[in-house]
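Colleague: fold the following.
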Amino acid sequence: MENLLNIFIKSIFIDNMIFAYFLGMCSYLAVSKTVNTSFGLGIAVVFVLGITVPVDYLLHNYVLREGALEWLNPEFGINGSKTLDLSFLSFILFIAVIASMVQLVEMVVEKFAPALYSSLGIFLPLIAVNCAILGGSLFMQERDYNSIGEATVFGIGSGIGFFLAIIGIAAIREKIRYSDIPAPLRGLGITFIITGLMAIAFMGFMGINL
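Modeller: Numbering: from 1, shown residues only. This is a model prediction of the structure:
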């Protein structure tokens, strides 16, 4: 339980997809003009990461990695005569899972929140090619978590980290509309500066002893 809590806290604050790795910056910058649209996109990202990371964990451990098909036939195991390593298919299958989940989210949002669907526009289906989403699955694969529970907690935590980042910058951008910002910095210029300052602030969480 303590290990799951450590993974959860670390994925939100220390290994934040936006502030630590700068993944998913396209939708982060484009959608964060208002809190309402940022909230909708953030919830969608939490859902997609919370589903795709554990599904991709199962794919990686029971289909793709070397000897993973031992459950199907002992000969396919690491010590078997027909050992298979399908890890070269990781990108293709991971993206297929992500695209399927994003399509599901898109249909649900269009059905139950048409106003949010219209405000998000093209950036909702573009979650499928959001590097933060694929990054979650690839980080899971690299870190080789011991159970699907750890992978799920990491996925949800990463989604919440993205959610907090985009909500934070959206709230600031709404406030600075009324500020006297020099003309050359208006728009994305001041947004990049604020994002950098927020990333520096999040670096303070690296001092947490987990």
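Colleague: show me where this protein has its strands.
Modeller: With DSSP state E, there are no strands along the chain.
Colleague: where does this protein have low pLDDT?
Modeller: Flagging of the chain using pLDDT under 70 yields the residue ranges 1-2, 77, 80-81, 210.
Colleague: what about residue 54, how many neighbours?
Modeller: The tally of other residues near residue 54 (other C-beta atoms under 10 Å) stands at 23. Where you see a C-beta, it was placed from the backbone N, CA and C, and this is true even at glycine.
Colleague: what's the burial count for the closest residue to it other than its chain neighbours?
Modeller: Computed as C-beta to C-beta, 6 or more residues apart in numbering, the closest residue to residue 54 that is not its neighbour in sequence is residue 152, at 4.4 Å. By other C-beta under 10 Å, the residues close to residue 152 number 22.
Colleague: pull out the buried positions in the biggest helix by length in the chain.
Modeller: When the chain is parsed with DSSP state H, its longest helix is helix 148-176. By neighbour count on 16 or more other C-beta atoms under 10 Å, the buried set for helix 148-176 is 150-170, 172-173.
Colleague: what about the helices in the protein?
Modeller: 2-9, 25-31, 35-59, 90-112, 114-120, 131-143, 148-176, 188-203.
Colleague: does the third one pack against any helices or strands, and if so which?
Modeller: Helices and strands touching helix 35-59, by 3 or more C-beta pairs under 8 Å, 6 or more residues apart in numbering; DSSP states H and E, are helix 25-31, helix 90-112, helix 114-120, helix 131-143, helix 148-176.
Colleague: how far away from the center of its chain is it?
Modeller: Put simply, helix 35-59 sits 6 Å off its chain's centre (C-alpha atoms, centre = their mean, to the nearest Å).
Colleague: got the buried residues for it?
Modeller: Quick answer for helix 35-59 (16+ other C-beta under 10 Å): 35, 37-38, 40-42, 44-57, 59.
Colleague: that helix to helix 90-112, inter-axis angle?
Modeller: Counting by axes from the mean of the first three to the mean of the last three C-alpha atoms, to 10 degrees, helix 35-59 lies at 140 degrees to helix 90-112.
Colleague: okay, angle between helix 35-59 and helix 148-176 too, please.
Modeller: 160 degrees.
Colleague: now the angle from helix 35-59 to helix 131-143?
Modeller: 30 degrees.
Colleague: got JSON lines for the helices and strands packed on helix 35-59, with distance to residue 66 too?
Modeller: As requested, those are exported to JSON lines (distance: least, C-beta to C-beta, whole Å):
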{"stretch": "helix 25-31", "distance to residue 66": "34"}
{"stretch": "helix 90-112", "distance to residue 66": "12"}
{"stretch": "helix 114-120", "distance to residue 66": "40"}
{"stretch": "helix 131-143", "distance to residue 66": "13"}
{"stretch": "helix 148-176", "distance to residue 66": "19"}
